[in-house]
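A.B. asks: Just a sequence and a predicted model for now, questions to come.
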Amino acid sequence: MNLITLFRKSYVNYRGWSTPKKIVVIESDDWGSIRIPNTETYQALVKKGIPVDKNRYTKFDGLETPDDLAVLFEVLSSHKDANQNPATITVNSLPANPDFDKIRAGAMNTYHYESVFDSYQKHSSKEAMIGLWKQGIEENIFYPQFHGREHLHPARWMKAVMTCEKEKICFDHDAIPGIDLGTSKRINYLAAFDYYNEAEKLSIETDLMDGLQLFETVFGFQSKSFIASQSIRGNHINAILANNGVKYHQNAQQLLPYLEDVKHGIVNKYWGFKDEFGLLYWRRNVTFEPSKNQNLDWVDLCMAEINNAFTFGKPAVINSHRLNYIGHLSKKNQSDSIKALDALLKAIVKKWPNVEFMNSQQLGEYMSNTSNE
């Protein structure tokens, strides 16, 4: 870790709530989102000149399969903390995706969505995925929390599909690239909580309430924590979150919506900050993204960042997106990332035998019930 990174991490870690416990939380975004659903779609888009092979998210990230979860579960369950609890990943999830067939049937005039389990039915196995999600929750190795209804702004996405030929090609293949396709009409539709005007702001509130209710229907319980897609959100959603069971913001670094700041200005809150609705905030202070650069020693880098967090009495909250663990688009990407995760967890337990693995809900509950130690 170079001096600039060390200074930034230390600044994030020194303020606010602290604890003598050695706590490790892994927060992983984007689960449930279609993105590039399968290898056939990826190959078809490459042949049509869509640059999905030029961006790591479209090259590696796609709808998870039973095989993806089975490989990840094996590694997580093999590492135990001081209390003999397995390593756990908080999977920030999207309970819905666009229903491409219904949108087509409506002549592209109206947006429709489907449950993530209906998406699984189309692309892998609904029954197998339901069983694996249930196993992950029961064993606390794969614990879902709310990331939005879909990983997109529906109106913007529909506009992109209707005005950009390459986006329409992706739509025809049931894919959501969300990348620069080299056209002059690029529209960022992945930021579900961004807004350009008051009408979009109101639609976000409606979709948020619907999404929180759908999350409870899909997973069987309310989400207690939340992180906005691309970390862009306005404060207007906090009352809705609090009124629907959410108690914790996973990311105290907030990017402001376009209407409030055209450059998406950043607002940083400290560890343990509580807003007027009682929502509690913390920061992600460790990065584990092997798919970004497989030539880096991610274990060494993460261990240094974890040590920095513990030095300032903060839990190590590891940021690690889904694309690291998806294998049906790139077996090598998955294999390399899984090996690195296995090595990282082994190193953590060895260096800090008193470590405690928690999911985000457990971290929030612990922080809420613990005074500043």
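C.D. replies: Thanks, I have the structure now.
A.B. asks: contacts and neighbour counts: CA atoms only from here.
C.D. replies: Noted.
A.B. asks: What's the first helix or strand after the helix or strand of the chain with the lowest mean pLDDT?
C.D. replies: None of the helices or strands of the chain scores lower by mean pLDDT, DSSP states H and E than helix 3-14, at a mean of 80. Downstream of helix 3-14, the first helix or strand assigned by DSSP states H and E is strand 23-31.
A.B. asks: about what we covered before: in the least confident helix or strand of the chain, what's buried?
C.D. replies: By neighbour count, with 16 or more other CA atoms under 10 Å as the criterion, the buried positions of helix 3-14 are 9-10, 12-14.
A.B. asks: List the residues that contact the residue nearest to L76 when sequence neighbours are not counted.
C.D. replies: Leaving aside its sequence neighbours, L76 sits nearest to A87 (CA to CA, 6 or more residues apart in numbering; 5.0 Å). If a contact means CA atoms under 8 Å, 6 or more residues apart in numbering, then A87 has 76-81, 141, 345, 357-358 as its contacts.
A.B. asks: Tell me the one of those nearest D99?
C.D. replies: Among the contacts of A87, I141 lies closest to D99 (CA to CA), at 29.5 Å.
A.B. asks: Show the pLDDT at that closest one.
C.D. replies: We have a pLDDT of 98 for I141.
A.B. asks: right, and it touches F73 too?
C.D. replies: Yes: proximity of I141 to F73 meets the contact threshold set by CA atoms under 8 Å, at 6.9 Å.
A.B. asks: what pLDDT does the residue lying farthest from the centre of the chain get?
C.D. replies: The outermost residue of the chain relative to its centre, with distances by CA atoms, centre = their mean, is A107 at 31.7 Å. Predicted confidence (pLDDT) for A107: 88.
A.B. asks: still on that earlier bit, relative to I141, how far out is the residue nearest to L76?
C.D. replies: To I141, A87 is 6 Å away according to CA to CA, to the nearest Å.
A.B. asks: Overlap in contacts, those two.
C.D. replies: By CA under 8 Å, 6+ apart, the residues touching both A87 and I141 are 76-77.
A.B. asks: show me what contacts N251?
C.D. replies: 227, 231, 281-284.
A.B. asks: Tell me the confidence at it?
C.D. replies: N251 carries a pLDDT value of 90.
A.B. asks: quick one, strands of the stretch 51-200 of the chain?
C.D. replies: Taking DSSP state E, counting those that start in this stretch, the strands of the stretch 51-200 of the chain run over residues 89-93, 96-98, 113-115, 142-146.
A.B. asks: hmm, back to that, residues contacting the least confident helix or strand of the chain, please?
C.D. replies: 270-271, 283, 285, 305, 308-309, 312-314.
A.B. asks: Please repeat the previous calculation with a cut-off of 6 Å.
C.D. replies: With CA atoms under 6 Å, 6 or more residues apart in numbering as the contact definition, helix 3-14 has outside contacts at 309, 312.
A.B. asks: Work out the gap between it and the centre of the chain.
C.D. replies: Centre-to-centre, helix 3-14 and its host chain are 23 Å apart (CA atoms, centre = their mean, to the nearest Å).
A.B. asks: How about stretch 275-283?
C.D. replies: Chain-centre distance of stretch 275-283: 19 Å, with CA atoms, centre = their mean.
A.B. asks: What of stretch 58-66?
C.D. replies: 13 Å.
A.B. asks: same question, stretch 85-97
C.D. replies: With CA atoms, centre = their mean as the basis, stretch 85-97 stands 8 Å off its chain's centre.
A.B. asks: Do me a favour and get the backbone dihedrals for the residue nearest to L76.
C.D. replies: Phi and psi for A87, reported as degrees, to the nearest 10, are phi -60, psi 150.
A.B. asks: Okay, helices next: where are they in the chain?
C.D. replies: 3-14, 39-47, 56-60, 66-77, 100-105, 116-123, 126-138, 154-163, 165-172, 198-219, 238-243, 298-311, 331-351, 360-368 (DSSP state H).
A.B. asks: So which bits of the fifth one are buried?
C.D. replies: With burial defined by 16+ other CA under 10 Å, the residues of helix 100-105 counted as buried are 100, 103.
A.B. asks: what sits up against that helix?
C.D. replies: 111-112.
A.B. asks: can I get the CA coordinates of it in CSV?
C.D. replies: What follows is helix 100-105, C-alpha atoms only, in CSV (Å, rounded to 0.1, in the frame of the first residue of the first chain):
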residue,chain,number,x,y,z
PHE,A,100,-37.9,-8.4,-22.1
ASP,A,101,-40.7,-10.5,-23.5
LYS,A,102,-43.5,-8.3,-22.0
ILE,A,103,-41.8,-5.1,-23.1
ARG,A,104,-41.6,-6.5,-26.7
ALA,A,105,-45.2,-7.6,-26.6
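A.B. asks: Now do that helix: distance to the chain's middle.
C.D. replies: Relative to the centre of its chain, helix 100-105 is centred 27 Å away, using CA atoms, centre = their mean.
A.B. asks: if we can go back for a sec, select from the contacts of A87 the one having the most neighbours.
C.D. replies: F357 (29 neighbours; other CA atoms under 10 Å).
A.B. asks: what pairs with the nearest residue to that residue once chain neighbours are set aside across the strands?
C.D. replies: Leaving aside its chain neighbours, F357 sits nearest to V24 (5.0 Å; criterion: CA to CA, 6+ apart). Beta-bridge pairing for V24 (DSSP bridges): A316, F357.
A.B. asks: isn't V24 right up against A316?
C.D. replies: Yes: V24 is within contact range of A316, at 4.8 Å (criterion: CA atoms under 6 Å).
A.B. asks: Any stretches of the stretch 251-373 of the chain with poor pLDDT?
C.D. replies: Applying pLDDT under 70 to the stretch 251-373 of the chain picks out residues 371-373.
A.B. asks: can you pull the contacts of the residue nearest to F357?
C.D. replies: If you count contacts by CA under 6 Å, 6+ apart, V24 has them with 315-316, 357.
A.B. asks: Good, wrapping up.
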